[in-house]
Structures are given as C-alpha cells and as structure tokens.
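Visitor: for reference, the sequence and a predicted model appear below.
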Number of protein chains: 2
Amino acid sequence: MKDLNEIRENVLIDVWSKAFLRAPAQINWPHESDSELIAIPGDSDRCLAVTTDAISEEIALGFYKDPFTMGWMTIAASVSDLAAVGADPLGLVISVAIESDRPVEFSSRIAEGMEAACRRLGVHILGGDTNTSESLVLSATAMGIVSRSGAMTRTGCNPGDVLFVTGGIGAGNALILSQLADLPIELFSEYDFRPVAQIGIGRILGEFASSCMDTSDGLLATLDQLMRLNRCGFHLEAGWGDILDPAAHRICEVTRTHPWLMAAGPHGEFQLVFTVPPLRIPEFQVAMRNHGLAPIRLGRVKERDSITARADSGERIEVDTGAVRNLFAHVDGEIQGYLSELVQLGVSWGLTTRNCREEVTQEGTSIN
Amino acid sequence: MKDLNEIRENVLIDVWSKAFLRAPAQINWPHESDSELIAIPGDSDRCLAVTTDAISEEIALGFYKDPFTMGWMTIAASVSDLAAVGADPLGLVISVAIESDRPVEFSSRIAEGMEAACRRLGVHILGGDTNTSESLVLSATAMGIVSRSGAMTRTGCNPGDVLFVTGGIGAGNALILSQLADLPIELFSEYDFRPVAQIGIGRILGEFASSCMDTSDGLLATLDQLMRLNRCGFHLEAGWGDILDPAAHRICEVTRTHPWLMAAGPHGEFQLVFTVPPLRIPEFQVAMRNHGLAPIRLGRVKERDSITARADSGERIEVDTGAVRNLFAHVDGEIQGYLSELVQLGVSWGLTTRNCREEVTQEGTSIN
C-alpha cells in the first residue's frame, strides 16, 4: 500500500495539520481536498470553500522576473483550488510581504498582475494586508460557495473510472526549462505564461466527477497524490506528447526534451485532473460538448496503486511517481542535479529521447 | 479637514487597493472596516466577514523571540479583526513562509502557539499553505459570519457619542519597552504577553456601537484613523494612567515612563475602541453588566476633527496623532530615534514625566 507519508511534502504538511484540533464544521479531511470545505451555520445546502496559497520559492529561484507574473500567479493559484472543488468564487484577500527598498512601481506592477488575473477569471480582490519583510512573499486566500452535494474532493474514484485533464499540461515546466536552457525569448517566455484557473469547467464537473485535483504541482505529482489518497492506481493511455500544452510541445521539440518531463517537473499549471464513472460518461460528454469544452482523456483508474504508462517502445511501464516527487528534496533543491536525475529516472523506464540538458552541458550553449 | 492620505500607511494601502476593481458584492469601502464584508449570494440577512493579517516586522525586529508567541499573535491579530465587525468566526487558514534551515521543532512551536490561541478564542484552523522563504512571514486569514444589520464598521459615529475601549491598553508597547530597556524578565516578558481578541464582546457590541475598530496599531493610531474616516474628533476624558493594562501600568511605574506613550506606540493589543450614541447608553450598560463586562469609558466624540486630552497640568491639549503615526516612517524605522522623538512630542504637549529611555541612555543600565 502506497502511503501518503512516503512523500516528503505530505510529512511536512502533517507537522502543521496534526498540531491543530479539527473544526467541528469542517467537511473535508487533511489532504483530501484542494480547498477547505466548511459548513455555513444555518445553511444545510451549501458550504464555504476556502484556500490559501503563497508564492515565494518561484520568485526566489528567479522563475518569475516580472512582478506582473508574480501577481498573476498568486491569484491564479488560489482560484485554481476553488475550481478543483467546483466552487463559485466570492472573492480573495491578499497578503503581501515585501522588501522595504522595493520601489512603489514594483508593488504597482504586482498589483496590475493580480488585477489582470482577477479580470480574466471574473473574480475580485476584497482586501488584504501589506508588510515589510526581508524577502518577497505573496499570498492569496480565495473563498467561494459550493453546494454540499456538488463539492468535489480528491477522493472517491474507483477502478474503471475514466481519467481526464481539462487541457494540455506542461506550460509551467516549459517556462523553467526555457529559462534554464536560455532559449530565445520569442519561443516561450514569462510573458506568454498566463495560466488560467478552470473555474468554469470546475462548476460543471461537480455533477460528474468522482474525484478532482488541480495540477499546480505538475501532472505526475497530482496523479501520485490521488493514487495515495484513493488507494488505487492510474494507467495513462494517452501518449506523452498528446497531453501537452502547445507551448510545452514547442519547447520539447526545440530542445529535444522527452515530453514526459513536462508531466514530471514540479512547476504545474492550473488544469484539473478528474475522474468520471463509466456510467456517467455519455451524459458527461454531452455536457462538455454543450459547453464547448474538450477535456483530454488520459486513461483509466485501476485497482493496483501504481502509475503505469507507455515507454517509447510501446511497452507498459511503471512510473515511480513517489521518486519523482521526492527528487527535488533528495537533491537538496539543486536544480541541475534535479534535472539530471529526473532524466535518468526516465531513461531507466525507457523514456529516452535526447534532452535539452545534455545539449546545454555538452555543447556549452543552448540551441544551435 | 484631516485627510486619510496624511498618513503614510493609508497611502501605501491605496497603492494596492486603487489597483483593484471593487467587488460588486462587497459591502464595506476601503479603510472603512477591520474585516472585509461581502454579501453571500442567496442570503439576504448575513454576510461573510474576512480579514488577513501577516506578522513579519515584529519577528524581524526581535520583539517575539519564542515561536510560540509568533504563532499566537498571528491568530489573535486576524481574529481581532473579526471581533471588530461583530462576526462569529467560521475558522482560519494560515500561510507560513519559513526559512529552509529552521528545525522542525521551530515550526512545531509556532503551530503550538497558533493552536493555543485558537483554543483560547474558541476558533479552529481549517488548513493552510507552507513555503520556504528567506525570511519568516506568518499570515492568517480569518472568516466569520455576521448579520448585515449587526455588522460594525469604523464609520458611523456622531458628535456626542460616548467613546469606550473594551479593556486596558498598552501591553504591546510595554513588551517592546521592557525589551528595549532590558528589564528583568519577571517584570513583564513575552511569556506574559498573550493578548486575546475580543470576540465575545464584539458580538454584543453590534447591537449598540455606532463605530468600532481594534487597537492593533495602538490606541492613538486607532483614534486617529476613526477621526479621519468619520470627519469628527475625540476628547479623551479618562486619565492616561487609568486606561492602562496592569502590565503596562507596572512597566510605566518601574521605568518612570509617561503612560501616554503606551497609547502612542505602534504595537497595539487587541482591544476594541467603539462609540455608543448617548440614547443607547442605558441599555448598553445593562447589557454589559448582564455579561459581566466592564469596558473603559475614554471620552466623547466631538465635532472638530482633532484628538484632545489632558496634559499633566490638567490643561486641555491637542495631541497631533498624525505626527505620532507617521513618526516611525519619518525616522526611517530607527527605534531609538523613534522613541526619543515620541518622548519629545509628548513633552511639547505637556506630557512630561521622566521616562525610561533617559534612564537607559544616561546611566547605561535599565533599572536600579
């Protein structure tokens, strides 16, 4: 049985959540849901969904250089967690800890990015708090309302359920790769990276999905967590190249990177991974068509708790997603070491296309 | 007319809030309320109150040394903002940005402090987010429910209303003073500083108060903000020494500090300042007695927008609370300079008792 505690991040979360007495009105259990679900007194039909998300590592590592991107991502990340439970947003509050020597233009540009994301997503910032600090930390708490019966959690899928993702994945990892490989800015840059939370489809999925989780930590991390929570596994039938966002696809082509790495890397996007019981599939497909939506069919839920997929040879392989998730901590957060080990894991599973990093290392340049 | 924008902090807040489109369902205006108030769709009687508060400066300046205190203060600060609108708490989410080299015991101790504050206040942590960062930033978002008619804001008081505070003030500033003066730990230390948000009385005040705001930035800053928002002033009838928390009183005695400094300093506590129209006073007093509560009568709301009080001589003086609020920014956050200028402001208004800082500077020791 694959345990939640094999994953370093889950253990770190438990240090906190085990210290706290559970709220009597809380509906979800720890790890079980992208947003916390809390009963509203005197309202038996609906609950409050609330989620908080902070951005600091991505800024410290230099992946977001424009403060506009920092602001955008702060909003999108927390609204995505509302989308994953199927909630209707009520609004957000933000918390900004910022160095005292930052010019006011820097703050204004963060605020611009936040507001642009809000308008794109149809949500509003209600208020917030600003503080000075020695490093920049942006966080947003998003609140929404969801019917108790329609609230999705990460648990509930069964073997045989069909596995989907709302859209192409890999843009977050493509951004990191294009920066590490110092790709020409025209190919894909931070300015093209404006991921959108799936609020619209999230609302509809509540009626059909047996489980749902966003891909904010990358597709494989999402599947790994769902596997551990549901004590079942997933078989990926879709080809690795067929589930990519167009930008991620382009970066893979140019850098000769195996597309599996776009699913494996830790910088996700805000798609939703969800499962639908086979009996609900016809109705679900009609609903998707009626709304002009085209989620990607990834594969199936299976009994045994492992993630299987296809190697380059077509052979069925097992992907050790636990090893993938723990890798960054395992290499002490050293990025080149992380990438190199990740590539090696893929090679060991038969995912072997030449990759960008070899290019960079061996030829001392990015792309010729 | 005293403008909100004379205060540096209000200007900084506006950099953010002016960038954001107002939510159609939002009930309060910027600066107008300690918590954001947002209509709940389909519920015409009640609204959601939400507020976020981060702690970083106090930690960076070394005022909280025990991570337990850091955790406690994070929870108390945000719950206090719920109390100030009269809300019933639904719960909190926390966001923790923490240095990667902190031992797990440090995190556990923060969590312990958070949980202790929650139990003391009868609230629960629903979930949260942890990130690594180069400096420690703790924030909490508290949510609650309040009836639309009973929700208090900072605005609404009128000349003639009676001005109260829920309890003695000055503990936060006493903590800072006792640390700067290196007082013996038995007198007053961080371990005695466990301020409590006024959730219980907040709920009752909704029925009587014409305006309400918590004292988290210190009493004079609170009165200054209420003055600017309501375009009226306050006359403080109570003696400076009569409005102090017992610990603050003791520290003033020992260090021969003028008690007005406990109201002037920027580290507040979580009392509520509120006003009650004269016609409601008899009923209000009955309600307070019935609940065993004894708020302190501070003075009166007056027409002209200034803060007046009594000098040591008994003479009526005007206290330039705007100058007090801007002082920390004016001296570029240098604490000794701040204290020295603050003392001088008091002297210029006839608040002249010898104070601790002189002791420290002149004799090179704290207390003899």
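Guide: The structure has been received and is ready for your questions.

Visitor: and the strands in chain A?
Guide: Along chain A, counting by DSSP state E, strands occupy A:36-40, A:43-55, A:88-98, A:125-132, A:137-147, A:162-165, A:211-214, A:233-236, A:272-276, A:296-302, A:307-310, A:316-319.

Visitor: show me what residue of the stretch 201-350 of chain A gets nearest to chain B.
Guide: A:G333 (7.5 Å; Cβ to the nearest Cβ). Placement of C-beta: from N, CA and C, glycine included.

Visitor: related to what we said a few turns ago, can you put the strands of chain A in JSON lines and add mean neighbour count?
Guide: Shown next, in JSON lines, are those (neighbours: other Cβ atoms under 10 Å in any protein chain shown):
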{"stretch": "strand A:36-40", "mean neighbour count": "23"}
{"stretch": "strand A:43-55", "mean neighbour count": "24"}
{"stretch": "strand A:88-98", "mean neighbour count": "25"}
{"stretch": "strand A:125-132", "mean neighbour count": "23"}
{"stretch": "strand A:137-147", "mean neighbour count": "27"}
{"stretch": "strand A:162-165", "mean neighbour count": "23"}
{"stretch": "strand A:211-214", "mean neighbour count": "28"}
{"stretch": "strand A:233-236", "mean neighbour count": "22"}
{"stretch": "strand A:272-276", "mean neighbour count": "26"}
{"stretch": "strand A:296-302", "mean neighbour count": "19"}
{"stretch": "strand A:307-310", "mean neighbour count": "21"}
{"stretch": "strand A:316-319", "mean neighbour count": "16"}
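
Visitor: could those go into CSV alongside distance to B:D66?
Guide: Listed next are the strands of chain A as CSV, based on distance: least, Cβ to Cβ, whole Å:
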stretch, distance to B:D66
strand A:36-40, 28
strand A:43-55, 23
strand A:88-98, 21
strand A:125-132, 20
strand A:137-147, 22
strand A:162-165, 46
strand A:211-214, 37
strand A:233-236, 45
strand A:272-276, 42
strand A:296-302, 48
strand A:307-310, 44
strand A:316-319, 45
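
Visitor: redo those strands as a markdown table? Include mean pLDDT and distance to chain B.
Guide: Listed next are the strands of chain A as a markdown table, based on pLDDT from 0 to 100; distance: least, Cβ to the nearest Cβ, whole Å:
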| stretch | mean pLDDT | distance to chain B |
| --- | --- | --- |
| strand A:36-40 | 97 | 4 |
| strand A:43-55 | 96 | 4 |
| strand A:88-98 | 97 | 4 |
| strand A:125-132 | 95 | 4 |
| strand A:137-147 | 97 | 4 |
| strand A:162-165 | 98 | 23 |
| strand A:211-214 | 98 | 13 |
| strand A:233-236 | 98 | 25 |
| strand A:272-276 | 98 | 19 |
| strand A:296-302 | 98 | 26 |
| strand A:307-310 | 97 | 25 |
| strand A:316-319 | 97 | 27 |
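
Visitor: A:W16: which of the ones you listed is closest?
Guide: Nearest of the strands of chain A to A:W16, taken as Cβ to Cβ: strand A:43-55 at 12.3 Å.

Visitor: so the closest one versus strand B:137-147, what angle?
Guide: Orientation check (axes from the mean of the first three to the mean of the last three Cα atoms, to 10 degrees): strand A:43-55 against strand B:137-147 gives 160 degrees.

Visitor: what is strand A:43-55 packed up against?
Guide: Judged by 3 or more Cβ pairs under 8 Å, 6 or more residues apart in numbering or on different chains; DSSP states H and E, the packing partners of strand A:43-55 are strand A:36-40, helix A:67-83, strand A:137-147, strand B:88-98, strand B:125-132, strand B:137-147.

Visitor: give the partner strands of it in its sheet and their orientations.
Guide: Paired neighbours of strand A:43-55 in the sheet (DSSP bridges): strand A:36-40 (antiparallel), strand A:137-147 (antiparallel).

Visitor: which stretches of the stretch 51-200 of chain A have low pLDDT?
Guide: Applying pLDDT under 70 to the stretch 51-200 of chain A flags no residue at all.

Visitor: kindly report the residues of the stretch 251-368 of chain A close to chain B.
Guide: By Cβ under 8 Å from any Cβ of the partner chain, the residues of the stretch 251-368 of chain A that approach chain B are A:G333.

Visitor: the stretch 251-368 of chain A: helices as residue ranges?
Guide: With DSSP state H, counting those that start in this stretch as the criterion, the stretch 251-368 of chain A has helices at A:260-264, A:281-290, A:321-330, A:335-348, A:356-363.

Visitor: how about the strands paired with strand A:43-55 in CSV, adding distance to A:A263?
Guide: Compiled in CSV, the strands paired with strand A:43-55 are given as follows (distance: least, Cβ to Cβ, whole Å):
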stretch, distance to A:A263
strand A:36-40, 27
strand A:137-147, 26
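
Visitor: nearest spatial neighbour of A:A142, chain-adjacent residues omitted?
Guide: Nearest non-adjacent residue to A:A142, counting by Cβ to Cβ, 6 or more residues apart in numbering or on different chains: A:S78, 4.0 Å away.

Visitor: surely the one you found is in contact with A:A54?
Guide: No - using Cβ atoms under 8 Å, A:S78 is not in contact with A:A54; the gap is 9.1 Å.

Visitor: for burial, what's the neighbour tally of the residue lying closest to the residue of the stretch 201-350 of chain A closest to chain B once chain neighbours are set aside?
Guide: Once flanking residues are discounted, A:G333 sits nearest to B:S100: 7.5 Å by Cβ to Cβ, 6+ apart. Look at B:S100: counted by other Cβ atoms under 10 Å in any protein chain shown, it has 11 neighbours.
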